[in-house]
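> Need coordinates for the below:
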Amino acid sequence: QVQLVESGGGLVQAGGSLRLSCAASGRTFSSYIMGWFRQAPGKEREFVTAISWSGGITSTADPVKGRFTISRDNAKNTVYLQMNSLKPEDTAVYYCAAGPRLTTSQGGYGYWGQGTQVTVSS
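Residues are numbered from 1 along each chain as shown. Below is the predicted model of the structure:
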């Protein structure tokens, strides 16, 4: 069982940066793939990025590639999403998720946080 709590969301101007954190409970955090998804108003939830258990492999969606970076600290049971050069279209609720394999599919993640709002003003 893994419980996930996101933090770090907020309001930022276009071009700015935010760092989201996702704190996980449970002693098996390091064995899970961790991912970030987002859901904008009126849109489907979409994959953003994911990271392997060791941190050595990542997968990132094209719209955020080169701007967003995922990382994890297994000693702190925390995964991070560094978001730079933010755009108004990045506005969404951001969710972290945990699962057994690295995939871009929501169905591959069995544990989800409640989400944190990110709003980018133009």
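> What is the helix or strand residue 120 falls within packed up against?
Counting by DSSP states H and E, the element that carries residue 120 is strand 116-121. In terms of contacts (3 or more Cβ pairs under 8 Å, 6 or more residues apart in numbering; DSSP states H and E), strand 116-121 is packed against strand 10-13, strand 18-24, strand 92-99. Where C-beta positions appear, they are placed from N, C-alpha and C, glycine not excepted.
> let's see it at 10 Å
Applying 3 or more Cβ pairs under 10 Å, 6 or more residues apart in numbering; DSSP states H and E, one finds that strand 116-121 contacts strand 4-7, strand 10-13, strand 18-24, strand 78-83, strand 92-99.
> Please produce TSV containing these, extended by mean neighbour count and distance to residue 113.
Output for these, formatted as TSV (neighbours: other Cβ atoms under 10 Å; distance: least, Cβ to Cβ, whole Å):
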stretch	mean neighbour count	distance to residue 113
strand 4-7	18	4
strand 10-13	13	16
strand 18-24	20	6
strand 78-83	22	10
strand 92-99	23	5
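> possible to save the ones you listed as TSV with distance to residue 30 and mean pLDDT?
Output for those, formatted as TSV (distance: least, Cβ to Cβ, whole Å; pLDDT from 0 to 100):
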stretch	distance to residue 30	mean pLDDT
strand 4-7	14	97
strand 10-13	29	98
strand 18-24	10	97
strand 78-83	11	98
strand 92-99	11	97
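> mind putting those strands in JSON lines, distance to residue 45 included?
Below are those laid out as JSON lines (distance: least, Cβ to Cβ, whole Å):
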{"stretch": "strand 4-7", "distance to residue 45": "14"}
{"stretch": "strand 10-13", "distance to residue 45": "20"}
{"stretch": "strand 18-24", "distance to residue 45": "16"}
{"stretch": "strand 78-83", "distance to residue 45": "15"}
{"stretch": "strand 92-99", "distance to residue 45": "7"}
